[in-house]
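> Return atomic coordinates for the entry below.
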Amino acid sequence: MKKIAIFGKPGSGKSTFSAQLASLSGIPLHQIDTMAFNTDGSQVLRSKFDKAHDKILNSESWILDGLGPIGSFQQRIACADTLIYIDLPYPLSYWLVTKRFLKGMYQKPKGWPDGSSLAKGTLQSYKFLGQSRRFWNESFYQSLRRSAKEKALYRVTTLNELNGLLKVLVPQH
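From the prediction side, this is the model:
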């Protein structure tokens, strides 16, 4: 376990889980949202993002958290040795996006790009969740399973599973 891709719907706990895994494993963490957005909330030039993303993919070890452009996501899936798909139920994801917003009024959420509007990001998360069923679905998971034969693949469908996965991945903690 040296190259780990963590992905799933907005508000599913990816950033919190990724930070915990990085802390326990010592593997460097890179969050796609902080790579894809400038501190004013605008998108980074695609060429700049691609250059940074490619450099990480070619490094010895990494944890990459998030989706980003589909082409880069597919590259990440191909390069990773460990895939963690956080696939919580939609109602829970909506609640977690709302919870992140409420908590974010007092403390910046983990993995949130500096300078990005929490309100705007929350609305985008709701919008993306509404459209997500076309992407984050059983068909996606089956395709992932077929392409991940030589990889460790974890599909997390409850918060208890998510919390327990750290013990599986880093047993000595």
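
> Every contact and neighbour count from this point should use C-alpha atoms.
Fine.

> from memory Leu83 sits against Leu153, does it?
Yes - contact criterion CA atoms under 8 Å: Leu83 and Leu153 qualify, at 4.8 Å.

> Between those two, tell me which one has more neighbours.
Leu83 (26 against 17; other CA atoms under 10 Å).

> show me the contacts for the more buried one.
Counting by CA atoms under 8 Å, 6 or more residues apart in numbering, Leu83 makes contact with Ile4, Ala5, Ile6, Ile77, Lys151, Ala152, Leu153, Tyr154.

> 6 Å - rerun?
Applying CA atoms under 6 Å, 6 or more residues apart in numbering, we find Leu83 in contact with Ile4, Ala5, Leu153.

> What's the separation between the last one and Phe37?
Right, Leu153. Distance, Leu153 to Phe37, by CA to CA, to the nearest Å: 28 Å.

> Repeat that for Glu150.
For Glu150, the distance to Phe37 (CA to CA) stands at 32 Å.

> who has more neighbours, these two?
Phe37 (19 against 10).

> nearest spatial neighbour of the more buried one, skipping sequence neighbours?
If the residues on either side of it in the chain are set aside, Phe37 comes closest to Gln43, at 4.4 Å by CA to CA, 6 or more residues apart in numbering.

> Which pLDDT value belongs to that neighbour?
On pLDDT, Gln43 comes in at 86.

> for Lys127, same thing?
For Lys127, the model assigns a pLDDT of 92.

> Over to His173?
59.

> For the protein, which segments count as helices?
Applying DSSP state H to the chain gives helices spanning 14-25, 32-36, 46-57, 70-79, 90-104, 118-132, 138-147, 159-169.

> For Leu29, list each beta-bridge partner.
Beta-bridge partners of Leu29, counted by DSSP bridges, are Ile63.
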